[in-house]
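Chemist: Generate coordinates for the sequence data below:
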Amino acid sequence: MDSKKERVSFRTQIVLAIIPSFISQLIAFYRVKKLVNGLVIEVAVFFIDMVIQIMISWPVGMIVSLPITIGIPAYYVRKWTLEFNARPQGFF
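Modeler: Reported below is the predicted structural model:
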């Protein structure tokens, strides 16, 4: 059996995370085997952004919500990618 360590490219993960699209961010979560947690984060971020957009008018609301849309998923993708690459991989 080949016990080669499976690693995920950190650079690719960050690029997928900073694209403001939930599909690319979910792909990044899937690659580190955290899809369910990522889906929960994406839904929470969606509702937070929706509340911001309802409370604040369009141009300012988008400026406020865009860092949240990118920042929170990017933080968790970075954190979980580093953990995924640091853990030993083998037969189990």
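
Chemist: Mind giving me the packing neighbours of the helix or strand residue 70 falls within?
Modeler: In the assignment (DSSP states H and E), residue 70 maps to helix 58-86. Helices and strands touching helix 58-86, by 3 or more C-beta pairs under 8 Å, 6 or more residues apart in numbering; DSSP states H and E, are helix 10-18, helix 22-31, helix 35-55. All C-beta atoms are positioned from the backbone trio N, CA, C, and that covers glycine.

Chemist: Touching the longest one from outside, list them.
Modeler: The list of residues contacting helix 35-55 from outside it, by C-beta atoms under 8 Å, 6 or more residues apart in numbering, reads 22, 25-26, 28-30, 61-62, 64-65, 68-69, 72-73, 76-77, 80.

Chemist: now do the shortest one
Modeler: Counting contacts by C-beta under 8 Å, 6+ apart, the residues outside helix 10-18 that touch it are 24-25, 27-28, 31-32, 70, 73-74, 77-78, 81-82, 85.

Chemist: can you check stretch 74-85 too?
Modeler: Contacts of stretch 74-85 (C-beta under 8 Å, 6+ apart): 7-8, 10, 13-14, 16-18, 25, 28-29, 31-34, 37-38, 41.

Chemist: what does the model give the most centrally placed residue in the chain for pLDDT?
Modeler: Note on the chain: the residue nearest the mean C-alpha position is residue 73, at 3.5 Å, using C-alpha atoms, centre = their mean. Note for residue 73: predicted pLDDT of 94.

Chemist: Please apply the same query to the one 3 residues further on.
Modeler: The predicted local confidence for residue 76 comes out at a pLDDT of 96.

Chemist: again, but for the one 5 residues further on
Modeler: Taken from the predicted model, the pLDDT recorded for residue 81 is 95.

Chemist: Just give the number of residues close to it.
Modeler: 25 (other C-beta atoms under 10 Å).

Chemist: Give me the nearest residue to it, chain neighbours excluded.
Modeler: residue 13 (4.5 Å; C-beta to C-beta, 6 or more residues apart in numbering).

Chemist: What subset of the contacts of stretch 74-85 is buried?
Modeler: Among those, those scoring as buried are 8, 13, 16-17, 25, 28-29, 31-32, 34, 38, 41 (criterion: 16 or more other C-beta atoms under 10 Å).
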